[in-house]
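> Show me how the following folds:
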Amino acid sequence: MERARRISIVALGINLVVILLGALVRATGSGAGCGRSWPTCNGTLVPELQGATAIEFTHRASSGIALIAVAVMFWAVYRATERGHPARTGAVVSGISIVIEALIGAVIVLAEWVANDASVARAVSVPIHLVSTFVLLGGLVLTVFWLSGGRRVRLADHGSLSRGWGLLAIGMLAIGATGGVTALADTVFPKESFDVAGLFATDATEHFLTRLRAVHPVVATLIGALAARWAYRNVWQRSGAAGKAARIVVALVAIEFALGIANVFLLTPVWLSLTHLAVADGLWMAWVWLGAEMFQEPGAG
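Coordinates of the predicted model:
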């Protein structure tokens, strides 16, 4: 089982890299670098690697590696565990999620919802893509948790405590979804100077993406504060992995808040946008791990 656990950790790490590369594609407007061609790039397996083509091809190649990694993990988990082991559930969720991710990516490319496209269809596909990504990360994190000796999770056995965690988990998905829309607006309609009034623009003449830009900071501030408060009040003082996860959650919420403010003032430079996303992924993974620690079945592992 230790081998399967190591493979699952590697699969998780590879997928984190792929997520950041995907954000780099969006932030640099490189989504059209391979043209309307999928899974090939400009009709070839290995194109000439220059500019946007190099960025988009690197993302596609790494996505293929991630798919293989999850497939290997799936095989390793089923070989190392018996029927009914919870890690198999995590492997199934991860496998389904990464296939959905690949299909969403294919649709985005073939429909040409890339580069400077500001259509409603693209604005809808982006949050769906982000939520799907979070589900994939959640499945991978739970697979690692269960292969590390964690027990099956039973949310129904913990009443209002687990309901609070679950509602905040949904809230974090909303943060990711709205963050994707804001990132799209920042890419297609970049700001040339800092303007608080512009951040909260409601002028009917503004493009709908710029008018939606303000939703993310409001949702992120509210849900982030509530999540930190929940972790502090319910788990902070506990010893062991649950208490550690709670402290990580609170710390990451504070870091995300600071990064969000910096993004607004510095006009979302690519490096800061990627950092913001990386910490957001870390916060989501910590939240999933915290819930797994809190709501696992009692008894020996």
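
> For the stretch 1-150 of the chain, which segments count as helices?
Secondary structure of the stretch 1-150 of the chain (DSSP state H, counting those that start in this stretch): helices at 2-27, 51-80, 86-110, 120-147.

> Next, format the ones you listed as TSV and append mean pLDDT, distance to Leu226 and mean neighbour count.
Yep, even glycine has a C-beta here, placed from its N, CA and C like the rest. Shown next, in TSV, are these (pLDDT from 0 to 100; distance: least, CB to CB, whole Å; neighbours: other CB atoms under 10 Å):
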stretch	mean pLDDT	distance to Leu226	mean neighbour count
helix 2-27	95	25	20
helix 51-80	95	32	19
helix 86-110	94	26	19
helix 120-147	94	18	21
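
> Domain boundaries for this protein, per the record?
1-150, 153-301 (automatic domain parsing).

> Now for Val288, how many residues are close by?
23 (other CB atoms under 10 Å).

> Can you read off the pLDDT for it?
According to the prediction, Val288 has pLDDT 97.

> Quick check: it touching Leu142?
Yes: with contact defined as CB atoms under 8 Å, Val288 counts as touching Leu142 (6.5 Å).

> hmm, back to that, could the helices of the stretch 1-150 of the chain be laid out in CSV, adding distance to Val188?
Shown next, in CSV, are those (distance: least, CB to CB, whole Å):
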stretch, distance to Val188
helix 2-27, 10
helix 51-80, 15
helix 86-110, 14
helix 120-147, 9
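
> nearest to His276, of these?
helix 2-27 (9.1 Å; CB to CB).

> what stretches of the stretch 201-301 of the chain score poorly on pLDDT?
Residues of the stretch 201-301 of the chain that meet the criterion pLDDT under 70 lie in 201-205, 299-301.

> which residues of it fall in helices?
For the stretch 201-301 of the chain, applying DSSP H, counting those that start in this stretch gives helices covering 208-212, 215-234, 240-266, 270-295.

> Could you pull out the buried residues of the shortest one?
Applying a neighbour-count criterion of 16 or more other CB atoms under 10 Å, the buried positions in helix 208-212 are Leu209, Thr210, Arg211, Leu212.

> same check, this time on the third one
Along helix 240-266, the positions that meet the burial threshold by neighbour count (16+ other CB under 10 Å) are 241-253, 255-257, 259-260, 263-264.

> Against Leu140, how distant is the residue nearest the centre of the chain?
Nearest to the geometric centre of the chain sits Phe134, at 4.0 Å (CA atoms, centre = their mean). Applying CB to CB, to the nearest Å, the value for Phe134 to Leu140 is 11 Å.

> Also Arg211?
35 Å.

> repeat for Val92
For Val92 relative to Leu140 (CB to CB), the value is 12 Å.

> Then Thr89?
Separation of Thr89 from Leu140 (CB to CB) stands at 12 Å.

> swap in Ala241?
Taking CB to CB, one finds Ala241 at 18 Å from Leu140.

> List the single closest residue to Pro190 in space, sequence neighbours excluded.
Distances taken as CB to CB, 6 or more residues apart in numbering put Leu267 closest to Pro190, at 7.1 Å, once the chain neighbours are dropped.

> Please report phi then psi for the one you found.
phi 60, psi 40 (degrees, to the nearest 10).

> closest one to Tyr232 among the helices of the stretch 1-150 of the chain?
The nearest among the helices of the stretch 1-150 of the chain, by CB to CB, is helix 120-147 at 21.5 Å.

> just how off-centre is stretch 292-301 within its chain?
25 Å (CA atoms, centre = their mean, to the nearest Å).

> How about residues contacting it?
141-142, 145, 149-155, 157-158, 161-162, 165, 234-235, 240-242, 245 (CB atoms under 8 Å, 6 or more residues apart in numbering).

> if you set the cut-off to 7 Å instead, what comes out?
142, 145, 149-155, 158, 162, 165, 235, 241-242, 245 (CB atoms under 7 Å, 6 or more residues apart in numbering).

> Repeat that for stretch 171-181.
Stretch 171-181 is contacted from outside by 123, 126-127, 129-131, 134, 209, 212, 215-216, 219-220, 223, 227, 280, 284, 287, using CB under 7 Å, 6+ apart.

> again, only using 8 Å
Taking CB under 8 Å, 6+ apart as the rule, stretch 171-181 contacts 123, 126-131, 133-134, 209, 212-213, 215-216, 219-220, 222-224, 226-227, 277, 280, 283-284, 287.

> wait, the residue nearest to Pro190 sits on Lys191?
Yes: judged on CB under 8 Å, Leu267 makes contact with Lys191 at a distance of 5.2 Å.

> which residues does the residue nearest to Leu277 when sequence neighbours are not counted contact?
Leaving out its chain neighbours, the residue that sits closest to Leu277 by CB to CB, 6+ apart is Ala23, at 5.1 Å. Contacts for Ala23 (CB under 8 Å, 6+ apart) come out as Ala183, Ser273, Leu274, Leu277.
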